[in-house]
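Trainee: next come a sequence and a model predicted from it.
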Amino acid sequence: MKTLKIVKIGGNIIDDEAALSSFLDVFAAIQSPKILIHGGGKLATQLANQLGLEVKMIDGRRITDKATLDLITMVYAGKINKNIVAQLQSKNCNAVGFSGADGNAIVSKKRPVKAVDFGFVGDVVKVNTKTLQVLLEHKVTPVFCAITHDQKGQLLNTNADTIASELAIGFADQYQTELYYCFEKNGVMRNVNDEHSVIKEITTQTYQSLIDNQVIVDGMLPKLNNCIHAVDKNVHKVCIGKPEMLVNAHANFTTISK
């Protein structure tokens, strides 16, 4: 069974021009089939402030009203996505930009209102791999932004970590899927102030104890929930760390396993 590498990059890489270029060098050099997923970094927030749009966040998640959805669609699916695709082309990696609406690739439903009304935020319900599979077979690399759709004409802001996890799960019966969350840290750290305190392996058994002991908190919680979910759904390999882990098996990073 062929390996498919699904890689998600964090906002701090997107926001740093040199870091992004360096990452894309590494990503473009991957010879196996691959898919890239990116979020929006700080650009959407900066533009919202310039346009006088109020930015509302709850637990690190963006409240997405209609004006905000219009803005992030332009930023995520437009400027950031096309910039990444253009850079990959310059590095001899043939890429195509995607939202979940393109090729009907990722269908979501609008998050129901409970304690918080997140607005036009989507939760993934279905991944359609057929169109993507044709591209991968022809050595074309899909590059996904964090926008999906509901099959009723509505675009939805969707967590990029979740998109990466769901894509890896969707391809798990066709490929040996490997899921990588690349960001500016070496991995999940026991002490956030100590770069050398990387937890080399987290299993479904040790995960809960790390939460109970408040080693895993805040923004790392939803990211690791996506990792555990992927492992439970037969994704072959899940890793978190700096981009060098994509090409160096001896690099310092965290692996999540059953």
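Mentor: Arrived safely.

Trainee: could I get the pLDDT score of the nearest residue to residue 151 once chain neighbours are set aside?
Mentor: Nearest residue to residue 151, sequence neighbours excluded (CB to CB, 6 or more residues apart in numbering): residue 107, at 5.4 Å. In short, each C-beta sits where N, CA and C put it, glycine included. On pLDDT, residue 107 comes in at 98.

Trainee: could I get the helix or strand that contains residue 107 in CSV with only the CA atoms?
Mentor: Using DSSP states H and E, residue 107 sits within strand 106-110. The C-alpha atoms that make up strand 106-110 are tabulated as CSV, following Å, rounded to 0.1, in the frame of the first residue of the first chain:
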residue,chain,number,x,y,z
ILE,A,106,-15.2,18.2,2.2
VAL,A,107,-18.8,18.6,3.3
SER,A,108,-19.6,20.2,6.6
LYS,A,109,-22.6,21.2,8.6
LYS,A,110,-23.1,24.5,10.4
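
Trainee: show me what counts as buried in that strand.
Mentor: Neighbour counts over strand 106-110 (16 or more other CB atoms under 10 Å) mark 106-109 as buried.

Trainee: tell me the mean pLDDT over stretch 18-27?
Mentor: Mean predicted confidence for stretch 18-27 is 96.

Trainee: show residues contacting stretch 195-202.
Mentor: 185-191, 210, 215, 224, 227, 241, 252-257 (CB atoms under 8 Å, 6 or more residues apart in numbering).

Trainee: now do 6 Å
Mentor: When contacts are defined by CB atoms under 6 Å, 6 or more residues apart in numbering, stretch 195-202 is touched by residues 186-191, 252, 254-256.

Trainee: what ranges does the stretch 101-250 of the chain have for its helices?
Mentor: Taking DSSP state H, counting those that start in this stretch as the criterion, the stretch 101-250 of the chain carries its helices at 130-137, 160-170, 204-212, 220-232.

Trainee: let's have those helices in CSV, adding distance to residue 177 and mean pLDDT.
Mentor: Below are the helices of the stretch 101-250 of the chain laid out as CSV (distance: least, CB to CB, whole Å; pLDDT from 0 to 100):
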stretch, distance to residue 177, mean pLDDT
helix 130-137, 12, 96
helix 160-170, 5, 97
helix 204-212, 17, 90
helix 220-232, 8, 92
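
Trainee: before we move on, back to that, if any of the contacts of stretch 195-202 are buried, put those into a PyMOL selection.
Mentor: Under the burial definition 16+ other CB under 10 Å, those of these that qualify are selected in PyMOL by:
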select buried, resi 186+187+188+189+252+254+255+256
